[in-house]
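Enquirer: Compute the structure for the input listed below.
(one chain, ligands or ions: 1)
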Amino acid sequence: LPLENKLFVVGIGPGALDQMTCRAVEAIEGSKFVVGHRTYIDMIGDLTKGKQIISSNMGREVERAKIAVEMLDKGPVSLISGGDPNVYAMAGLGLEMASKGGSLESVEVVPGVTSFAAGACRAGITFRETVAVISLSDLLTPWSEIEHRVQLAASSLMPVAIYNPKSRRRNWQLDRVLKIYQELGRADTEVLIAKNVMRSCEKLQWTTIGELVKCADLIDEIDMFTLLIIGGRGMTRGGNLSDSSSINIIGVGPGDPRHLTNEALGLLKRSQKIFGAERYLDTVRNIASGDLISHNGPFNERMKKSYLAAKNCSNTSILVGGDPSVFSSAWRILDESIRCDPGVHISAGVSAFSAVAARIGAPLVSDFVLLSGLKNGNFERPAGSAVSAGYDMISDLMSAGFAIVVYNTNASELPELMEAISSFDRPCALAQDVSRSDESLIVSRTSELETLIRGHNGMRSTLIVAGPKSYIKNDKIITQRGYESKYSY
Ligand SMILES: C[S@@+](CC[C@H](N)C(=O)[O-])C[C@H]1O[C@@H](n2cnc3c(N)ncnc32)[C@H](O)[C@@H]1O
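Expert: From the prediction side, this is the model:
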């Protein structure tokens, strides 16, 4: 579409300008109007020079989305979200309002680095099997539903990223969450308190559920600029991390170089050697001037070999797909780095869930779960627990109101996956090679997807099943996030 007619719903990443993607910068620079929450408009500073800015405070989301759509007549508009627009942000409302105004076709959702992935990268966390993402804000979702989701995720031993953990007025919900973990005998579970991630006042602290219950000072630290990552199966933590290291693990995003962050771009340009799988090297081929070296050897050894080779040269990058914290093999390097000098720096990226969600609209704007490797024996029943295992767990998660994202699907697991989701009637999509030239997207309903994908090879595919209260319009999935109970619009 010509720029004049575009409404960009832009994710600006967690805070620092260098965590914005090239596409986000391009969208804002190309816009005549910038609409957003005051805090986010302040963060993007100089980028808004010469543009008409319409900013407002918290709680005025509907108004901002309406204004953005109205402005479209007069020129391109950027509607700003912190982090990623699908994660508790403006993608749903932006699409909904554009659809009411008859301009759905004009919307481009620009994915960004969401704050839990940024926090995980800063702390050396990698999720290897699953992670649940839950907001404790009960302004738009009834508390009983949120509590049920926490209970389900905690009893399944999933790592959980908690957004909106506490505000001045919402101060008891976190205590309830801690109690659920204590009642499950999980007081020893590690918790990362990540405050103002990738902003100048960033503070990261590790503690445990038990400590957090006892320590009022720690609880006092937690506010609306904080997220928590509660540990669970498949989550690893550690590594010799160093901001100034000459060895960088870089999340290259979904494939299109425009989804690289500014930081990644700078590091790649300065790297003398860049190691990675051919597919990731393709993303950076026209950007980097250093040597591009394809990983080789047995799969398990490749990352370690690249790291050992990188140690002998100055300024190097090792590429992983998407974001390093989400189902990548960055953990192999982090593991190795513990025994070695120099350490490594991790550069966050746009994970597949953000990229796919943006392409199909707004399927994730409420709580969701990322899953990987269902075929590899993960998601067994936790010892002595009544929680479902394997594909049955997907039904439980969907019944509890989670949206679902399954990474690394393959042809052999598609039939079982289809069976698990088919009894629900929700919008969903199977996406392959998103943002690459051979992208394929199938948007459908869970009850019909199986017929549409017969014979699909499943390779490099991600399945998204949208949350409840979602619908399909013009091949876009739009999820309502409960604003209708707060406003009439
Ligand atoms: C309305 S949600 C927006 C989330 C955003 N769309 C994203 O993808 O990160 C706001 C919540 O996100 C979390 N958050 C956003 N940016 C953060 C940061 N830089 N550091 C820590 N938490 C952050 C906090 O839990 C905060 O209360």
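Enquirer: Check which helix or strand Ser388 maps to.
Expert: Under the criterion DSSP states H and E, no helix or strand holds Ser388.
Enquirer: Thr39 is in contact with Ser81, isn't it?
Expert: No - the criterion here is Cβ atoms under 8 Å, and Thr39 misses it with Ser81 at 11.4 Å. The way it works is simple: take the backbone N, C-alpha and C, and place the C-beta from them, glycine included.
Enquirer: For the residue of the chain found nearest the ligand, what are phi and psi?
Expert: With Cβ to the nearest ligand atom as the measure, Gly83 is the residue of the chain nearest to the ligand, at 2.0 Å. With angles defined as degrees, to the nearest 10, Gly83 sits at phi 60, psi -120.
Enquirer: Before we move on, what's the pLDDT of it?
Expert: With respect to pLDDT, Gly83 scores 98.
Enquirer: And Thr39 and Ser81? Which one has more around it.
Expert: Ser81 (30 against 15; other Cβ atoms under 10 Å).
Enquirer: wait, what's in contact with that one?
Expert: 9-12, 36, 40, 89-91, 112 (Cβ atoms under 8 Å, 6 or more residues apart in numbering).
Enquirer: residues near Ile346, how many?
Expert: Ile346 is flanked by 29 other residues according to other Cβ under 10 Å.
Enquirer: So which bits of the chain are right by the ligand?
Expert: 14-15, 81-84, 87-89, 114-115, 163-164, 194-199, 224-227 (Cβ under 6 Å from any ligand atom).
Enquirer: Those in strands, which ones?
Expert: 81, 163, 194-195, 226-227 (DSSP state E).
Enquirer: Work out for me the element Phe8 sits within.
Expert: Assignment of secondary structure by DSSP H and E places Phe8 within strand 7-11.
Enquirer: Sheet partners, orientation included, of that strand?
Expert: Applying DSSP bridges, strand 7-11 is found paired with strand 77-81 (parallel), strand 107-110 (parallel).
Enquirer: Touching it from outside, list them.
Expert: With Cβ under 8 Å, 6+ apart as the criterion, strand 7-11 contacts 21, 24, 27-28, 31, 68-69, 72, 76-86, 89-91, 94-95, 98, 103, 106-114, 354, 358.
Enquirer: re earlier: farthest pair within the ones in strands among the residues of the chain next to the ligand?
Expert: Ser81 and Lys195 (19.6 Å; Cβ to Cβ).
Enquirer: Mark which of the contacts of strand 7-11 are buried, thanks.
Expert: Buried residues within the contacts of strand 7-11, counting neighbours by 16 or more other Cβ atoms under 10 Å: 21, 24, 27-28, 31, 68-69, 72, 76-86, 89-91, 94-95, 98, 103, 106-114, 354, 358.
Enquirer: Which ones among the residues you listed lie within helices?
Expert: Applying DSSP state H to these, the entries found in helices are 24, 27-28, 68-69, 91, 94-95, 98, 354, 358.
Enquirer: Just confirm Ser388 contacts Ser395, I think it does.
Expert: Yes - the pair Ser388 / Ser395 is scored as a contact, 7.2 Å apart, by Cβ under 8 Å.
Enquirer: So which bits of the helix or strand Gln182 falls within are buried?
Expert: Gln182 belongs to helix 173-183 when assigned by DSSP H and E. Neighbour-count burial for helix 173-183, counted by 16+ other Cβ under 10 Å, picks out 173-174, 177-178, 180-181.
Enquirer: do the same with stretch 133-141
Expert: For stretch 133-141, by 16+ other Cβ under 10 Å, it's 133-138, 140-141.
Enquirer: Among those, find me the one that's closest to Asn408.
Expert: Val133 (18.2 Å).
Enquirer: For that closest one, give the beta-bridge partners.
Expert: Beta-bridge partners recorded for Val133 (DSSP bridges): Ala161, Phe368.
Enquirer: if we can go back for a sec, which one among the buried residues of stretch 133-141 gets closest to Glu61?
Expert: The closest of the buried residues of stretch 133-141 to Glu61 turns out to be Leu140 (Cβ to Cβ; 9.8 Å).
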